[in-house]
Structures are given as C-alpha cells and as structure tokens.
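Engineer: Need coordinates for the following:
(chains A and B)
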Amino acid sequence: MSRRQILLLARQPAKAYELFDEMTNGKVYVMEIPHKKGEDGQALWRNEVKRFSAKLEEISGKKITIDKLKQASKVVNEKRKALQRLASLRSADPSPISGLDALLVNQVAFYDDPLRFTAKVNELCDELTERIKSGTGVSEKGSTRILISGSPMAIPNWKIHAIVEGNGATIVGEESCVGERNFASLLDENFSSIAEGMQKIAGRYLTINCACFTPNNDRLTDIEIIAKRVKADGILHYAIQFCTPYMIEATKVKKVADKIKMPFLRIETDYSMEDMGQLKTRIEAFLEMIGKGVKA
Amino acid sequence: MRIGGIDIGSRYIKYVLLEDNTILDFQRRETGHNPLSVCRELLEGNQPEKIVATGYGRYLLEVFGDIRTITEIKAVAKGAKAVFPRCRTIIDIGGQDTKVISLSDQGSVVNFEMNDRCAAGTGRFIEIMSGALGYDLDHFGVSCNNSSSSSSIKINSTCTVFAESEVISLISKGEKREVIAYAIHDSIASKVISMVKRMDIQDDIVFAGGCARNPCLKRILEERLKRPLYVHENPYIHAAYGAALHGE
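Structural biologist: Next up is the predicted model:
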C-alpha cells in the first residue's frame, strides 16, 4: 500500500477531514467510530473494517487471503508483545529506561516497519534486562515515579516528559493511545476464515478503553492496575487541546487517584511552548508535593 | 546565619532577609525588563550566607552559583503557615497566576490548582481593568466596595483583552464606573471560586499575594465562600518568607 495514496483518520474532528480531503485531492479515507460498544456500535464498526479492507485491496491491487491475514496478525501481535515487554521492564526500580526514550519507542511504533521494529524493541529489552540485573537505571533507586494518563502524544510531543524528567523524576508508563492502549490487548489469531478474522480485528478495537467511548469505566480500572504495576508515586493526567473527552474524563480519573491515595495533577495544554513557564511551576510543585526529593 | 528568600514574580520581586527566624528586612521592587539587575540591587551590601529563590524567575539566579530553588506553591505554603499556624488553605492571586493550595495540618502541600496559560482573573487583569476605568490601583477595590451583587451587569469574559473591550462598551453605554468596577471584581472572584470548588478546602483560609490588599475582592470571596479570609498586613511577603524559611 502506498502511504501517499491514503490517509486513514478515525478520530473526533471529522469535519477537518473534509478539508484535508480537498487539500489532498481526495486521498483521505474516513472511518466512522462508534461512541458506544454495544450491539449497534459493534455492527457499525465491523462494517467499517470490512469496507476498509476492500478499500485497501482496491488501492494496493492485492487480494487479502486467509494465509496473509494470519501472517500479518502474527506480525502485529509480535509487535504488541514487544511493547508489552518494554512496558513491564519499566516497572523496575530504578527504571532502566527514561520515559522520554520509551515514549519515542511507542511513537515510532506507529510508523516503523513492524518486523524491523519488533526485532529492535526486543534487542532493546534484552539490554534493559541486563541493566535491571546490574541495578543500573536512569535515576537513583527510590526516585519519584510518574504515570502519565490521558491523550496520546504524537511526535514531536515530548513536552511533559521533558519537564518531569528534567526535574529528576522518571515517567514509568503512559496510559494513553500512544502507550498502553495501543498494545494492551492482542488479536485472537485463532480464526479460520477472512470474515472471522475481520470480525476479530474489529472486535479488538472495541476492547480499547479510549475516552471517545461512553461509558468508559474500564479505563479507570486499567489506571488503577497500571499505577500499581509500574509502582507510580503520582498520576499526571494530560489532555491535549481539542481532545475534549480526556479533559472531561480527568474528573473521574482524579476520583480514582483519590481513592487509591495517589497524588494527582491535571494538565491541559497543546503543542506550543508558550505555557512552559506555568507548566514547569505546576509540575515541579507536584513533584515537591509527592515529596521524594526534586533536583533543585 | 542570614538567609535570603527571593521571590521573582511576574510583576514584583520580593526579598526577605531572615536571621534566627526573625525578619530583618523586606523589600519589594518592580520586576521590569531586567529582573537580574533588580536582584543584584536587592542583595547588594546585604549579601546573606544562603539564598533560596522562588517564583516565576527562580532559575535566573543560577548565575550567582549554586542557588536552591523551590516553587512558589511550596514557598507560599511555608510562608503562610509560619504567619498563620492554623492555615489549611491558601488563595494566592499574584501578577499572572492564581493558585489555590491545600495544606495538611502539618503544613505540607497536599493539593493545588493553578490557572492555565493566560492571566485571566489575576493581578495583571486587575491592573489593566483599573487602568481602563481610570482608577489608581490602590483605590480600585475601595471604589466599589459598597456596591453589591444586585447589580445587573456582568463581565462575561475573563480574557484580559476581551474583558477590556467589554468594559469599553459598558463605558460607552453610560454605565457608572463603580458598577463596572464591581462587576470586574465579581468576575475575578468567580474564577477563583471555580478553582476552589475543584478542591476539598478547609479553614483557616489565608488570602495571599498583592490582590489580597483589594478590599472588594476579599469581601466578595468571603461572601461566596461564607468563611473569613485571613490577610497578613503584608500579603506580598509569604513566598519570599517561605523560601527563606526553606533555607534554614
């Protein structure tokens, strides 16, 4: 498939896609995502996935076969497993990898050739395993560990990680679509027809606990589990401007943080740098509040 | 040991010189365009053995060597707790930030809210609005302190630029300036109250920062919160004092 021929965009600001479509001379393909995961939503999404597979066949001039579908499913699952492995290694104290580097790996996951990417991430994980064995980390044992929760951070969005880690704390996980939500669930590879495979592919998407769905209470359970797994000292909720579902869900995440007695900070920002001063103050004050020591 | 606490804010630099828990000196100067030279002047001939910097420009003093920094949130908390030992909540309206801070009964910060990027509802907003209405800043809050919320006008915009346009259109409609002034204070109070509502606040509440000198703002906040606010005779002092205490 030529990347120049198609842009797949399946998120909230659908109106913008009409303009993008004009700007790219009709190269935008829009998929409608359901807001609820019930029977109707599932049917809608199954049909969208089916239509999209036909579109892919049309553009590429190739036919999807059961063998190829099974093979591709395995390739992508292996990629997810490598990312899961990376995520679990970040639970070590001290973390063997900075949050900024791990974020970059998660960002690249969307662009890179999956076979190459999986091999490289596994190589990285081997190295990180060695680092953990020798007690080597990016910070001292016992330093502050932060879980990011909220909107995805696409390249070149490294703003929050840079501030948090510039102050001596370490980001140990991203409960985000560029992060946990991208790799948490695997595709069930056990299917015997293309139709069944497509159904499972569509179904896997609906296991993702993204704030674009309502209700989305499973996300709250996920946050609790992840915070515990990565041994977080605090949750930093991040919402990017125009990602309103996350801005609103922050209120519910705060309640979870209160319940598990975890310090919580809510940030709303965008890609610009104009609020760096205020963000630095808020994030530093948050780290001071956690009280495990901040690099002065 | 003499310890200097310096709070480099967006509008003013505040300096406290502390020795054995006693404040020997307090200074306040406009930050201006060259805060570093202002800091040098403040420290000249008065060089303490240790300096702790806080506020928006806390990293500026790095040129003096190894200077400790803390955020103004922690600094204000320490300073307010030292002055008002029963303090559990701080409302601090500074030049470009508004903060609401919750303290544990031991005085450590347990939660805080701070405005985002813009100076909506902060000291700078008051300065510009008092200018638009032709008031001297010190008299702005006094001018409308007898007005009440029964007034029919409301400033809807908290964006400084838009609110100024709103004020200008009210002036051109012939509204009395005391009434507009009250509406401005009311809109700032609403902004603060919305931050307070996101938190579980407890008494005593200390009102800090330059805006705490504004009697009308204090009164509206007290009415809306249905609780008294405690204001130090020098509400500018808390962060600089807290920074100095942190150096001990």
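Engineer: Do you have the strands of chain A handy? List them.
Structural biologist: Counting by DSSP state E, one finds strands in chain A at the ranges A:7-9, A:28-30, A:145-150, A:170-175, A:234-240, A:264-269.
Engineer: Likewise for chain B?
Structural biologist: Applying DSSP E to chain B gives strands spanning B:2-8, B:12-19, B:22-30, B:50-54, B:68-69, B:89-93, B:98-103, B:109-114, B:205-208, B:229-230.
Engineer: Now the fifth one: average pLDDT?
Structural biologist: Taken as a whole, strand B:68-69 has a mean pLDDT of 94.
Engineer: Then the first one?
Structural biologist: Strand B:2-8 comes out with an average pLDDT of 96.
Engineer: Where do the domain boundaries of the chain fall?
Structural biologist: You didn't pick a chain, so chain A it is. Following automatic domain parsing, one finds the domains of chain A at A:1-64, A:65-290.
Engineer: Not quite, go with chain B.
Structural biologist: Listed domain ranges for chain B are B:1-84+B:236-248, B:85-231 (source: automatic domain parsing).
Engineer: any idea which of those is most buried?
Structural biologist: Most buried of the domains of chain B, by mean neighbour count (mean count of other C-beta atoms under 10 Å in any protein chain shown): domain B:1-84+B:236-248, with a mean of 20. (C-beta placed from N, C-alpha, C; glycine too.)
Engineer: quick one: that one to chain centroid distance?
Structural biologist: Computed by C-alpha atoms, centre = their mean, to the nearest Å, the chain-centroid distance of domain B:1-84+B:236-248 equals 15 Å.
Engineer: For chain B, find the nearest of the strands of chain A.
Structural biologist: With C-beta to the nearest C-beta as the measure, strand A:264-269 is the member of the strands of chain A nearest chain B (6.2 Å).
Engineer: And residue A:75, how far from chain B?
Structural biologist: To chain B, residue A:75 is 42 Å away according to C-beta to the nearest C-beta, to the nearest Å.
Engineer: Residue A:115 is in contact with that residue, correct?
Structural biologist: Yes: if you go by C-beta atoms under 8 Å, residue A:75 and residue A:115 touch, sitting 6.3 Å apart.
Engineer: Comparing the two, which shows the higher neighbour count?
Structural biologist: Set residue A:75 next to residue A:115 and count neighbours by other C-beta atoms under 10 Å in any protein chain shown: residue A:75 wins out with 14 against 11.
Engineer: residues near the spatially closest residue to the more buried one that is not a sequence neighbour, how many?
Structural biologist: Excluding the flanking residues, the one nearest residue A:75 by C-beta to C-beta, 6 or more residues apart in numbering or on different chains is residue A:114, at 5.2 Å. Using other C-beta under 10 Å, residue A:114 is surrounded by 16 other residues.
Engineer: show me what contacts residue 109?
Structural biologist: Looking at chain A here, since you left the chain open. The contact partners of residue A:109, by C-beta atoms under 8 Å, 6 or more residues apart in numbering or on different chains, come to A:79, A:83, A:117, A:178, A:182-183.
Engineer: switch to chain B, that's the one I care about
Structural biologist: By C-beta under 8 Å, 6+ apart, residue B:109 lies in contact with A:285, A:288-289, B:73-74, B:77, B:101-103.
Engineer: can I get those in TSV with pLDDT and distance to residue B:241?
Structural biologist: Listed next are the contacts of residue B:109 as TSV, based on pLDDT from 0 to 100; distance: C-beta to C-beta, whole Å:
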residue	pLDDT	distance to residue B:241
A:285	96	17
A:288	94	17
A:289	95	20
B:73	96	14
B:74	96	12
B:77	97	11
B:101	97	15
B:102	96	20
B:103	96	15
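Engineer: ranges for the helices of the stretch 151-296 of chain A?
Structural biologist: Here the stretch 151-296 of chain A has its helices, by DSSP state H, counting those that start in this stretch, at A:159-166, A:180-183, A:194-205, A:217-229, A:244-259, A:276-290.
Engineer: any shared contact partners between residue A:75 and residue A:115?
Structural biologist: When C-beta under 8 Å, 6+ apart defines a contact, no residue borders residue A:75 and residue A:115 alike.
Engineer: circling back: out of the contacts of residue B:109, the closest to residue B:154 would be?
Structural biologist: residue B:101 (28.2 Å; C-beta to C-beta).
Engineer: Below-threshold pLDDT in chain A: ranges please.
Structural biologist: Along chain A, the model assigns pLDDT under 70 to residues A:1-13, A:292-296.
Engineer: follow-up on the earlier one: could the contacts of residue B:109 be laid out in a markdown table, adding distance to residue A:28?
Structural biologist: A markdown table is the format used below for the contacts of residue B:109 (distance: C-beta to C-beta, whole Å):
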| residue | distance to residue A:28 |
| --- | --- |
| A:285 | 43 |
| A:288 | 46 |
| A:289 | 45 |
| B:73 | 45 |
| B:74 | 49 |
| B:77 | 51 |
| B:101 | 47 |
| B:102 | 47 |
| B:103 | 52 |
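Engineer: Quick check: the farthest pair among those residues?
Structural biologist: A:288 and B:102 (13.8 Å).
Engineer: Test my guess that residue A:194 contacts residue A:63.
Structural biologist: No: in this structure, residue A:194 is not within contact of residue A:63 by C-beta under 8 Å, at 9.7 Å.
Engineer: which of the two has more neighbours?
Structural biologist: In terms of neighbours (other C-beta under 10 Å), residue A:194 is the more surrounded of residue A:194 and residue A:63; the figures are 17 against 8.
Engineer: which residues touch that one?
Structural biologist: A:64-66, A:69.
Engineer: And the buried ones among these, selectable in ChimeraX?
Structural biologist: A single ChimeraX command is used to select the members of the contacts of residue A:194 judged buried by 16 or more other C-beta atoms under 10 Å in any protein chain shown:
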select /A:64,69
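Engineer: Near chain A, which residues of chain B are found?
Structural biologist: Proximity of chain B to chain A, by C-beta under 8 Å from any C-beta of the partner chain, involves residues B:56, B:68-74, B:97, B:108-112, B:114-117.
Engineer: Contact residues of chain A facing chain B?
Structural biologist: Counting by C-beta under 8 Å from any C-beta, chain A comes close to chain B at A:268-269, A:274-275, A:277-278, A:281-282, A:284-285, A:288-289, A:291, A:296.
Engineer: can you list the residues you listed in a markdown table and add distance to residue A:15 and neighbour count?
Structural biologist: Shown next, in a markdown table, are the residues of chain A next to chain B (distance: C-beta to C-beta, whole Å; neighbours: other C-beta atoms under 10 Å in any protein chain shown):
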| residue | distance to residue A:15 | neighbour count |
| --- | --- | --- |
| A:268 | 22 | 18 |
| A:269 | 23 | 21 |
| A:274 | 26 | 11 |
| A:275 | 26 | 17 |
| A:277 | 33 | 15 |
| A:278 | 30 | 19 |
| A:281 | 35 | 21 |
| A:282 | 32 | 25 |
| A:284 | 38 | 26 |
| A:285 | 38 | 24 |
| A:288 | 42 | 21 |
| A:289 | 40 | 23 |
| A:291 | 45 | 13 |
| A:296 | 47 | 14 |
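Engineer: count of residues packed around the residue in the stretch 1-150 of chain A that chain B sits nearest to?
Structural biologist: Distances between the stretch 1-150 of chain A and chain B by C-beta to the nearest C-beta are smallest at residue A:144, namely 14.5 Å. Applying other C-beta under 10 Å, we find 24 residues neighbouring residue A:144.
Engineer: on that earlier part again, I figured the residue nearest to residue A:75 was touching residue A:74, is that so?
Structural biologist: No: with contact defined as C-beta under 8 Å, residue A:114 does not reach residue A:74; the gap is 10.2 Å.
Engineer: got a list of what the residue nearest to residue A:75 touches?
Structural biologist: Listed by C-beta under 8 Å, 6+ apart, the contact set of residue A:114 reads A:75-76, A:78-79.
Engineer: Filter these down to the buried ones, ChimeraX style.
Structural biologist: To isolate the buried members of the contacts of residue A:114 in ChimeraX, using 16+ other C-beta under 10 Å:
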select /A:76,78,79
